[in-house]
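Engineer: here is my input, please return the structure:
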Amino acid sequence: MADEKKSFILYADLIHTVSLMPNDKAGMFFKTILDYVNDIEPVIEELALALAFEPVKRQIERDSAKWEKTKGVRSVSGKLGGIKSGEVRRRKREAEAYEPNASLTKQAEVNEPVNVNGTVNGIPNSKVITPVVPTASIDFEKFIDGFNAIAKRKFKVTDTVKTSLKARLKKYTRKEIVAAIANAHKDKYHIDTKFKYLTPEFILRESKLEKFINQPEETKATQGYTPQMTN
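Structural biologist: Numbers count the residues shown, from 1 in each chain. This is a model prediction of the structure:
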């Protein structure tokens, strides 16, 4: 029997065999079984005892083979489970760290309109400069990870999402977008419709961002959710 296996099954119907033996033979019979499961080769001199032991020996071997197979399956499942758990933890950390990435916070700050007051050739000048967000520096995957983590969905990045997110980041901060997603997920309409219409494309519409960013505090409280807004 395997070194790490410290038990074996002895079936109750063995009583029908043992009850036919005198007590001294029954004792020898059980000692033979214990020798075998402890990897001590039993010495059986009596034919009757050998005949009684043989089916028990075969059953122990079958049970041991099943145990080895089950152990192998559990070992593989455990490893796969560990890999999956690690992947889930990694994606969760990425979602929680969503800025959509570290540089996006800086982008949000940079993207705030800048008022420029001064004179050009003696003529008063006042205008608003809105910087353009460089597309290559936006991590769209992390935005989707953040959305899916809050909305508990499995959306993927689309061209519409890329275009909309780039446009919204010219006016809104990362914090405002995350707040809007969280508030929309707790909105009674979306709960009643089982979040059918709560998509990245939906929340990135300017009108929807305005609506859910400015959701009243009492509504949030009654819905039992306060989004984390740490940078």
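
Engineer: show me what counts as buried in stretch 200-217.
Structural biologist: Within stretch 200-217, the residues that count as buried by 16 or more other CB atoms under 10 Å are P200, I203, L204, K208, L209, F212, I213, Q215. (Each C-beta comes from the backbone N, C-alpha and C, glycine too.)

Engineer: now K156: how far from E141?
Structural biologist: Remark: distance between K156 and E141 (CB to CB, to the nearest Å) = 9 Å.

Engineer: out of those two, which sits in the busier spot?
Structural biologist: Taking neighbours as other CB atoms under 10 Å, K156 and E141 compare with E141 leading, 13 against 10.

Engineer: need the contact list for the more buried one.
Structural biologist: Remark: with contacts taken as CB atoms under 8 Å, 6 or more residues apart in numbering, E141 is in contact with V157.

Engineer: quick one: least confident helix or strand in the protein?
Structural biologist: Taking mean pLDDT, DSSP states H and E as the measure, the helices and strands of the chain show their lowest mean at helix 217-222, namely a mean of 41.

Engineer: what residues does A52 make contact with?
Structural biologist: A52 sits next to T17, M21, F29 when contact means CB under 8 Å, 6+ apart.

Engineer: just checking, the second one touches T32?
Structural biologist: This means M21. No - contact criterion CB atoms under 8 Å: M21 and T32 do not qualify, at 11.7 Å.

Engineer: out of those two, which sits in the busier spot?
Structural biologist: Counted by other CB under 10 Å, M21 and T32 do not tie: T32 has more neighbours, with 19 against 16.

Engineer: wait, doesn't that one sit right on E54?
Structural biologist: No - the criterion here is CB under 8 Å, and T32 misses it with E54 at 10.6 Å.

Engineer: for this protein, what spans make up the helices?
Structural biologist: If you assign secondary structure with DSSP state H, the helices in the chain sit at 15-18, 23-37, 47-96, 102-110, 140-151, 159-168, 174-185, 188-192, 200-203, 206-213, 217-222.

Engineer: now tabulate those in TSV and tack on distance to K6.
Structural biologist: Output for the helices of the chain, formatted as TSV (distance: least, CB to CB, whole Å):
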stretch	distance to K6
helix 15-18	23
helix 23-37	10
helix 47-96	11
helix 102-110	52
helix 140-151	44
helix 159-168	57
helix 174-185	51
helix 188-192	53
helix 200-203	55
helix 206-213	60
helix 217-222	56
